[in-house]
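Student: build me a model:
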Amino acid sequence: MLSYLYAILSHRTMLVALLIINGLGTIYGFWWYKNQLAITPPHFIPFVPDSPTASLFFVFVLIAFLRGKNWGLMEALAGVTLIKYGIWACVMNTSTVLLGGEMRWEIWMLNLSHAGMALQAVLFAPYFRLKRWHLVFAAVWTVHNDIIDYVFGMHPGLSRYVHPYVDQVAYFTFWLGMAALLVIYMLTLRKGSAKFQLPSH
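Tutor: Sure thing, here's the model as predicted:
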């Protein structure tokens, strides 16, 4: 069953479909941030649109897969950030509703799409070919991003229901990043972790 699943995931048609979905999602994500980016100092812009940047990393991973290649650094960045920000967005959106916000269709759409981000990172991790320095770089990236977001105040916009808890959000975000790093380590670098070979295209 597992081998059948991974045969489907690695099929060229599936990779092309995911490339289109992630490409369109990345474009939509950057558009979603347009108002915040318009008032963001230029040197902070690369660290503001967290979710679309994560899916952009995965776009590069998928392009490499379609060429029958691995791009370890992009795989580390994509794996960690897809899990981190996929879960983060689901938690923030759900918290908004639990704290009194309205359950709108956008909440459902955002939660489903962001849950998909985290899921695809976990599913494709056995195809990643990481070296330890790739994961170290991803760790530096995610911690640096948290510093920009919560020390310099460049974090994604929070709803009025969640914003009063921004300190708790910062704490949660940091440890969520650490958990994402651990998950990718366990799925890629830990001795005995499952490995699948990309088919030749």
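Student: H114 touches K84, doesn't it?
Tutor: No. Using Cβ atoms under 8 Å, H114 makes no contact with K84, being 10.6 Å away. For every residue, glycine as well, the C-beta is placed using N, CA and C.
Student: in the lowest-mean-pLDDT helix or strand in the chain, which residues are buried?
Tutor: The least trusted helix or strand in the chain, going by mean pLDDT, DSSP states H and E, turns out to be helix 2-9, with a mean of 79. Residues 6, 9 are the ones in helix 2-9 that count as buried (16 or more other Cβ atoms under 10 Å).
Student: spell out the residue ranges of the strands in the chain.
Tutor: Counting by DSSP state E, one finds no strands in the chain.
Student: so what's the closest residue in space to L18 that isn't next to it in sequence up against?
Tutor: With Cβ to Cβ, 6 or more residues apart in numbering as the criterion, L18 has its nearest non-adjacent residue at 5.8 Å, and that residue is L62. Residues near L62 by Cβ atoms under 8 Å, 6 or more residues apart in numbering: 15, 18-19, 22.
Student: how far does stretch 91-111 sit from its chain's centre?
Tutor: In terms of Cα atoms, centre = their mean, to the nearest Å, the centre of stretch 91-111 is found 19 Å from the chain centre.
Student: also stretch 82-93?
Tutor: Between the centre of stretch 82-93 and the centre of its chain there are 8 Å (Cα atoms, centre = their mean).
Student: pLDDT of that stretch, averaged?
Tutor: Throughout stretch 82-93, pLDDT has a mean value of 97.
Student: can you list the residues that contact that stretch?
Tutor: The contact list for stretch 82-93 (Cβ under 8 Å, 6+ apart) reads 50-51, 54-55, 57-58, 107, 110-111, 114-122, 142, 158-159, 162, 169, 172-173, 176-177, 179-180, 183-184.
Student: ok, back up a step: what about H114 and K84, which has more around it?
Tutor: With neighbours defined as other Cβ atoms under 10 Å, H114 and K84 compare such that K84 has more, 30 against 25.
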